[in-house]
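# here's a sequence, model it:
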Amino acid sequence: MDDVLIIEDEDKAPEEEVVLEDPVAEDGEGAASEHKIAKNPDGTVTLTLRHPFKVRYRRGDKEREETFTELKFRRPSGGDFIAIDNIKAGDVRTAAELICRLIGQPLAIFEKIDAYDLTGCGEILESFFPPSRRTSKT
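Next comes the predicted model:
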């Protein structure tokens, strides 16, 4: 049975259902390769998915399908952190909420992102922050 998410548009248009399907392609048995991450001139970062997935959108009797082969992250702002502030630090939901906000997708999409691709999402999140300063005693 398909997972279904109802998305309400901000303009209060009729509800649109999002049906999440199984991944489009399974990867063969092989050694893990590096993630395909591209930094774009506008400051966004694109992750090419190793395991694409499909989403079916329904609004009334109309339906469309979209295959996700990549995720495009915008740079985070202070507002993103305010929005996820009520979530416990270190909680998986914190990362899920932040990822979905930055890619402009509903939280249900997170459930369909393959674990391998999620590690690429983590690399992208880390890239938005400066490396922590290290101090040493010499």
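
# could I get the full set of strands for this structure?
Along the chain, counting by DSSP state E, strands occupy 3-7, 16-23, 36-39, 45-59, 62-73.

# just those strands: most buried one?
strand 45-59 (a mean of 17; mean count of other Cβ atoms under 10 Å). Where C-beta positions appear, they are placed from N, C-alpha and C, glycine not excepted.

# re earlier: make a markdown table out of the strands of the chain and add distance to Cys121 and mean pLDDT.
Formatted as a markdown table, the strands of the chain follow (distance: least, Cβ to Cβ, whole Å; pLDDT from 0 to 100):
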| stretch | distance to Cys121 | mean pLDDT |
| --- | --- | --- |
| strand 3-7 | 19 | 47 |
| strand 16-23 | 16 | 44 |
| strand 36-39 | 10 | 92 |
| strand 45-59 | 6 | 91 |
| strand 62-73 | 7 | 93 |
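
# and those: which comes nearest Asp117?
Among the strands of the chain, the nearest to Asp117 by Cβ to Cβ is strand 45-59 (5.0 Å).

# can I get the strands of the chain in JSON lines including distance to Ala83?
Formatted as JSON lines, the strands of the chain follow (distance: least, Cβ to Cβ, whole Å):
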{"stretch": "strand 3-7", "distance to Ala83": "17"}
{"stretch": "strand 16-23", "distance to Ala83": "20"}
{"stretch": "strand 36-39", "distance to Ala83": "24"}
{"stretch": "strand 45-59", "distance to Ala83": "20"}
{"stretch": "strand 62-73", "distance to Ala83": "16"}
